[in-house]
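>>> Attaching a predicted model along with its sequence, questions to come.
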Amino acid sequence: MTIRATPEVASQLRTLEEAAAYLHTPVATLRYWRYLGTDGPRSMKIGRRVMYRQADLDAYIERQAADTGGGSAA
């Protein structure tokens with residue numbers, strides 16, 4: 001049985017390469033974070049592909065900003 005994601009859900013998923021470009025991070029770094037399981041944005045496997053939800057990428061950026069003092073110039 002094949003389950004297909006709705007277009008709305010599928011449009012919010014990012015490939016490993018897209019996530020790396022969005023975060024301005026090398027693909028190898030995202031792979032390493034995933035291997036460690038301790039840092040980096042949440043990810044999932046769909047079939048053989050590693051995918052990231054856009055919301056998880058945004059949440060990761062927010063966590064990093066909070067951990068580094070918000071990143072605001074004052």
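Now that the structure is in, tell me what you want to look at.

>>> what are the ranges of the strands in the protein?
13-15, 44-46, 49-53 (DSSP state E).

>>> now those strands in CSV, with mean neighbour count?
All C-beta atoms are positioned from the backbone trio N, CA, C, and that covers glycine. Listed next are those as CSV, based on neighbours: other C-beta atoms under 10 Å:
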stretch, mean neighbour count
strand 13-15, 17
strand 44-46, 10
strand 49-53, 18
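
>>> which stretch among those strands comes nearest Glu62?
Closest approach to Glu62 among the strands of the chain (C-beta to C-beta): strand 49-53, 13.8 Å.

>>> before we move on, the earlier item: would you mind giving the strands of the chain as CSV with distance to His24 and mean pLDDT added?
Shown next, in CSV, are the strands of the chain (distance: least, C-beta to C-beta, whole Å; pLDDT from 0 to 100):
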stretch, distance to His24, mean pLDDT
strand 13-15, 14, 97
strand 44-46, 22, 94
strand 49-53, 14, 96
